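Engineer: sequence-free structure coming up:
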Ligand SMILES: [Zn+2]
Ligand SMILES: [Zn+2]
């Protein structure tokens, strides 16, 4: 079988490895059809988020067909179409037992695409509680968005809007930004999206909820959406993770800043404002307890048209092109501007159809 191996920053290799099979009685082996490229993968490949273990197969946003099950598996059968929850947790450590499964202390060696062989590969092995059978009307392509949406819901549930009329800004119109936009909109808020890349902006304009606007910078968003150059920011979701220092003094009293990107950056903030303005500065990563199930429900029920976010489906062999579409030029070993409208890029080990 094929697997996309990580050896170090900018060092990827698509190579033949032995087929994965069921080992334990509760194992499920899935033939991967589609796996999305995530910002985490870009961070790993570019060296800005050096968490992956050299030699590991990367990729974690995947869906496919069950090809083998262990004797104790009852929830899926061979031939079932499934989506994979790639974030196993032990369920017994202090973090897990207090609802913080995304921070399970026993993750080392189990984190898909980081310390455990992931899903940019022909096959992936997991256990039965981490696969969900898809109803017929949900495509495998749609299902790949379950994991990123699950991460988004983990963040959305930390935001407590002071009012549904809160001025809500989402910075960045990549897959996370657009999923945040949809999830906040479903909560009753009407976010405005800020995206600097003209190509990203162009793509985003075609997949936003009703009455949601996208603008090229904060000022244009304030003037365009609120007709007020000084419109206060009640809620800021920053998927770029570099805007805290710039936005912090502009957050309204009782407002919230949420960072969900993984760029390392030092900030200097006035701590007095935190109390004096009752501000919340938050961060969020990965799925929280129950959020994968919730995300699955939102996709199955059609509440979020996630298929609109898929801009490219490429064969796994063309992973260079896939990463390049979202600004990660593996051949040149650097990050590059996005040159064509793009959002979620899927790689297909069995070929793009
Ligand atoms: Zn992801
Ligand atoms: Zn745990």
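Structural biologist: Cool, got the structure. Remember, predicted model here, so these are calculated numbers, not experimental data. Ligands and ions are numbered 1, 2, ... in the order given.
Engineer: contacts only, for the residue in the stretch 201-350 of the chain positioned nearest to ligand 2.
Structural biologist: Nearest residue of the stretch 201-350 of the chain to ligand 2, counting by Cβ to the ion: residue 289, 10.6 Å away. For the C-beta atoms, the positions are set from N, CA and C on the backbone; glycine is no exception. Residues near residue 289 by Cβ atoms under 8 Å, 6 or more residues apart in numbering: 96, 99-101.
Engineer: just curious, which of those is nearest to residue 63?
Structural biologist: residue 101 (21.2 Å; Cβ to Cβ).
Engineer: separation between the closest one and ligand 2?
Structural biologist: Residue 101 is 7 Å from ligand 2, where distance means Cβ to the ion, to the nearest Å.
Engineer: just the pLDDT for the residue of the stretch 201-350 of the chain closest to ligand 2.
Structural biologist: With respect to pLDDT, residue 289 has a value of 84.
Engineer: can you show me the strands along the stretch 101-250 of the chain?
Structural biologist: Per DSSP state E, counting those that start in this stretch, the stretch 101-250 of the chain carries strands over the ranges 123-127, 131-133, 168-171, 192-194, 213-215, 233-238.
Engineer: got the ones you listed as CSV, with distance to residue 351 and mean neighbour count columns?
Structural biologist: Shown next, in CSV, are the strands of the stretch 101-250 of the chain (distance: least, Cβ to Cβ, whole Å; neighbours: other Cβ atoms under 10 Å):
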stretch, distance to residue 351, mean neighbour count
strand 123-127, 15, 21
strand 131-133, 22, 19
strand 168-171, 34, 28
strand 192-194, 33, 26
strand 213-215, 33, 20
strand 233-238, 36, 24
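Engineer: with distance to ligand 1 added, can I get these in TSV?
Structural biologist: What follows is the strands of the stretch 101-250 of the chain, written out as TSV (distance: least, Cβ to the ion, whole Å):
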stretch	distance to ligand 1
strand 123-127	14
strand 131-133	16
strand 168-171	17
strand 192-194	20
strand 213-215	22
strand 233-238	16
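Engineer: what does the chain put close to ligand 2?
Structural biologist: Residues of the chain lying close to ligand 2 (Cβ under 5 Å from the ion) are 89-90, 93, 96, 104, 106.
Engineer: ok, now which ones touch the nearest residue to residue 110 once chain neighbours are set aside?
Structural biologist: Residue nearest to residue 110 in three dimensions, not counting chain neighbours: residue 88, with 4.6 Å by Cβ to Cβ, 6 or more residues apart in numbering. Going by Cβ under 8 Å, 6+ apart, residue 88 touches 104, 107, 110-112, 116, 126-127, 130.
Engineer: circling back: who wins on neighbours among the contacts of residue 289?
Structural biologist: Highest neighbour count within those: residue 101, with 24 neighbours (other Cβ atoms under 10 Å).
Engineer: stretch 171-190: end-to-end distance?
Structural biologist: By Cα to Cα, to the nearest Å, the extent of stretch 171-190 from end to end equals 14 Å.
Engineer: quick one: that stretch to chain centroid distance?
Structural biologist: Stretch 171-190 sits 12 Å away from the centroid of its parent chain (Cα atoms, centre = their mean, to the nearest Å).
Engineer: what residues sit buried inside it?
Structural biologist: Counting neighbours by 16 or more other Cβ atoms under 10 Å, one finds that the buried residues in stretch 171-190 are 171-185, 189-190.
Engineer: what does the domain assignment say about the chain?
Structural biologist: 2-148+287-348, 159-283 (automatic domain parsing).
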